[in-house]
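K.L.:
Got a sequence here, can you build the structure:
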Amino acid sequence: MASDSKQETQRHERVGVYICHCGGNISDHVDVARVAEEVGKIPGVVVAHTNMFMCSDPGQQLIQEDIQSGKVDRVVVASCAPSLHELTFRNAIKRADMSPYLYEHANIREQVSWVHAGEKATRKAATLVAAAVAKARNLEPLTPIRVDARRHATVIGGGVAGLRAALDLSRRGIAVTLVEKTPFLGGQVAKLDRLGPTGETAEAILRQLSEAALNNPQIEICTCTQVIRSEGYVGNFKLTLSRRPPERSSQGAVADRQAFEALAPASYVPFAGVLPEALPSAAREWVQETGVVVFATGFQPYAPQEGEYGYLKQPDVITLPELIRRMAEEASSGRRLAVGGREIRRVAFIHCVGSRQIPGIHDPGPDGRLNEYCSRTCCSATLQAAVRIRETYPDTQVFEFYRDIRTYGRGQEEVYDRASKANVIFFRFEPEAPPVVERAGGKDFPLRVRVNDTLTFGEELSAEVDLVVLAVGMEPSPIVDLVEAMKLPVGVDRFLQEVHPKLRPVEVANTGILLAGTCQAPMEVGEACAAAQAAAAKATSLLVKGYVELDPFVAEVRAELCTGHGACAEVCPIEGAITLTAADQGRKARVNPALCTGCGICVPECPEKAIEVKGWTLKQYEEMVDAIVAA
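P.N.:
As a prediction, this is how the structure comes out:
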């Protein structure tokens, strides 16, 4: 026994430290060589290497070689934030046949070099690395949590992103239930006529996607259906679905139920979408068991406030979605655009309505919020409409009032060039001096748009027009109930928040919940479909083996110390993560590791210290604090 204990102690004394220059991000302010020298003197540290880019293949190879040679059995990496490359290094350690949980990370970029310089930065970096070494010496080779996973996915939202995700999942052998709250498939794309820059019709795109989904036996489509409750965890979610006959207002372009019933399955209704099936005649609720949940809940166009650029007060001020629909429904045969039965000689487009709003300049919406983000797609959509008007109705003049033109994406800049060549006239304004829309004094035109044009060095210019079109931005669909029920992370822009835009772009912090399309951010159709395919690929990787392995950083109860007073369960923010056994069985706390997020709130609530978080035990914290104090 003594020999075994000695070997165990020696095994814990072989710590390798690997310090990154981060291409100068760290080494420009931290003396990396000196940190390595000081850390190398700490008992238990057997190697202390530096590298220009530790996350690079040579950097990872250096760690793997030291592990495979037997030099080290614990690893500390000092580099950028763990949110960026913690997974990178864990995977490198795993490939070297060592437990990926025998690893600790020290952040000496965001916490040191980006906020300190000189001697202070070097001292702090050495201290943080010393604390990481202290913890690493107390790490144990934890075992991942294995959870059985049902090979089924539920996609919430029947727009192009939802349809694309469902199709990709089904092609990978995963059964799918697609849930859409309206009677139609197609989402916001169905409310368009053509898609830029290719000019494809929305109908063609939606027919192709919806017919493929409707003819796929792996996909169950449930329209007029919403998720009303959720419980469970990755691999084993239980969603309560409610299907109800639609209200008249949600029937879109179809006037009444008889008109609905007259439509054949998969009929396309312009500006409403594809009607996949007959409407439900009675309400129904059921529980859907599923392995992953893909959110494809989409967006809604910004609704201008009354009086914003004259909207709702001037009948000749409309939004871009309204113009698109009117142009499709009132196709003109002459050389001038006709809207509402009236020829349009001049039309003015105003950009950034409901996007890039600035506190103190723009008025908050009814909810008190501002949309400070750029909706990204508005410029291209507006220019597409302008080009279409100029090329189809050459006697209609087009004016564009913009802050900045952002025609990102393949082929979109060409639309800008076409607009210039088609004699679209551009005016540029500053956000603090937006265009003013007012009634024109003369009889020729109903409206006048005044602006201080920065292209002419701030000269006040005005244009009398027949129609003003507001290029409205995107807002996330209102899914507050789902956000609260499923504890979904939401960004300051109110869109659903991914873990990391590059490393985990379609995942949220809740494992097993994925994002597809514009529920996450403003996107054009191609981007939304690409995000949906990424979500399908991630869902497949989670479900394909029939089980899911989760990180073991969860709470653990020492039964011999637990008295079952229940304070841990009371403070736990995750329903069902901590429960108590019956009193007649001996009241004890019990952790469901698949639900526990390892937040640690329960730990200080236990007077007996009977509960701790694996990988972050009190002993490890104490050792880290001692190392910091001793530095």
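
K.L.:
does the closest residue in space to Asp444 that isn't next to it in sequence sit in a helix or strand, and which one?
P.N.:
The shortest distance from Asp444 to any residue other than its chain neighbours is 6.6 Å, reached at Glu464 (Cβ to Cβ, 6 or more residues apart in numbering). Any C-beta I mention is one placed from the backbone N, CA and C, and that applies to glycine too. Assigned by DSSP states H and E, Glu464 belongs to strand 459-465.

K.L.:
go on, Ala528?
P.N.:
Under the assignment here (DSSP H and E), Ala528 is part of helix 525-543.

K.L.:
Now do that helix: everything it contacts.
P.N.:
Around helix 525-543, the neighbours that count as contacts under Cβ atoms under 8 Å, 6 or more residues apart in numbering are 149-153, 159-162, 164-165, 168-169, 172, 174, 189, 195, 205, 234-235, 291-292, 294, 296, 409-410, 505-507, 512, 514-518, 520, 523, 548.

K.L.:
Using PDB, list the CA coordinates for that helix.
P.N.:
Coordinates of each C-alpha in helix 525-543 appear next as PDB, following Å, rounded to 0.1, in the frame of the first residue of the first chain:
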ATOM      1  CA  VAL A 525     -31.100  32.900 -47.400                       C
ATOM      2  CA  GLY A 526     -27.900  31.200 -48.400                       C
ATOM      3  CA  GLU A 527     -26.300  31.900 -45.000                       C
ATOM      4  CA  ALA A 528     -29.500  30.600 -43.200                       C
ATOM      5  CA  CYS A 529     -29.300  27.400 -45.200                       C
ATOM      6  CA  ALA A 530     -25.600  27.000 -44.400                       C
ATOM      7  CA  ALA A 531     -26.300  27.500 -40.700                       C
ATOM      8  CA  ALA A 532     -29.100  24.900 -40.900                       C
ATOM      9  CA  GLN A 533     -26.700  22.400 -42.500                       C
ATOM     10  CA  ALA A 534     -24.100  23.100 -39.800                       C
ATOM     11  CA  ALA A 535     -26.800  22.500 -37.100                       C
ATOM     12  CA  ALA A 536     -27.800  19.200 -38.800                       C
ATOM     13  CA  ALA A 537     -24.200  18.100 -38.900                       C
ATOM     14  CA  LYS A 538     -23.700  18.800 -35.200                       C
ATOM     15  CA  ALA A 539     -26.900  17.100 -34.300                       C
ATOM     16  CA  THR A 540     -25.800  14.000 -36.300                       C
ATOM     17  CA  SER A 541     -22.500  13.900 -34.400                       C
ATOM     18  CA  LEU A 542     -24.400  14.000 -31.100                       C
ATOM     19  CA  LEU A 543     -26.900  11.200 -32.000                       C
END
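
K.L.:
For it, the averaged confidence score.
P.N.:
The average pLDDT within helix 525-543 is 96.

K.L.:
Distance from the very next helix or strand once past it to the middle of the chain?
P.N.:
Once helix 525-543 ends, the next helix or strand along the chain (criterion: DSSP H and E) is strand 547-550. Distance, stretch centre to chain centre, for strand 547-550: 22 Å (Cα atoms, centre = their mean, to the nearest Å).

K.L.:
which other helices and strands contact strand 547-550?
P.N.:
strand 145-148 (3 or more Cβ pairs under 8 Å, 6 or more residues apart in numbering; DSSP states H and E).

K.L.:
Could I get the contacting residues of Leu51?
P.N.:
Actually, residue 51 is Asn rather than Leu. Applying Cβ under 8 Å, 6+ apart, we find Asn51 in contact with Tyr18, Ile19, Cys20, His21, Pro58, Gly59, Leu62.

K.L.:
let's go with 7 Å and repeat that
P.N.:
Residues near Asn51 by Cβ atoms under 7 Å, 6 or more residues apart in numbering: Tyr18, Cys20, His21, Pro58, Gly59, Leu62.

K.L.:
contacting residues around the strand holding Glu464?
P.N.:
Counting by Cβ under 7 Å, 6+ apart, the neighbours of strand 459-465 from elsewhere in the structure are 346-348, 399, 427, 440, 444-445, 447-453.

K.L.:
before we move on, what about stretch 102-121?
P.N.:
Under Cβ under 7 Å, 6+ apart, the answer for stretch 102-121 is 22, 25-26, 28-30, 73-82, 86, 89-90, 93, 124-125, 128-129, 132, 135-136, 139, 141.

K.L.:
could you dump stretch 416-433 to CSV, C-alpha only?
P.N.:
Listed next in CSV are the C-alpha coordinates belonging to stretch 416-433 (Å, rounded to 0.1, in the frame of the first residue of the first chain):
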residue,chain,number,x,y,z
TYR,A,416,-24.8,48.0,-56.3
ASP,A,417,-22.9,48.5,-59.6
ARG,A,418,-26.1,47.8,-61.6
ALA,A,419,-27.9,50.3,-59.5
SER,A,420,-25.3,53.0,-60.3
LYS,A,421,-25.4,52.2,-64.0
ALA,A,422,-29.2,52.3,-63.9
ASN,A,423,-29.0,55.9,-62.7
VAL,A,424,-30.3,55.4,-59.2
ILE,A,425,-29.4,58.6,-57.4
PHE,A,426,-27.8,58.3,-54.0
PHE,A,427,-27.9,60.6,-51.0
ARG,A,428,-25.8,60.0,-47.9
PHE,A,429,-26.9,61.1,-44.4
GLU,A,430,-25.4,61.1,-40.9
PRO,A,431,-27.4,59.3,-38.2
GLU,A,432,-27.9,62.5,-36.2
ALA,A,433,-29.4,64.2,-39.2
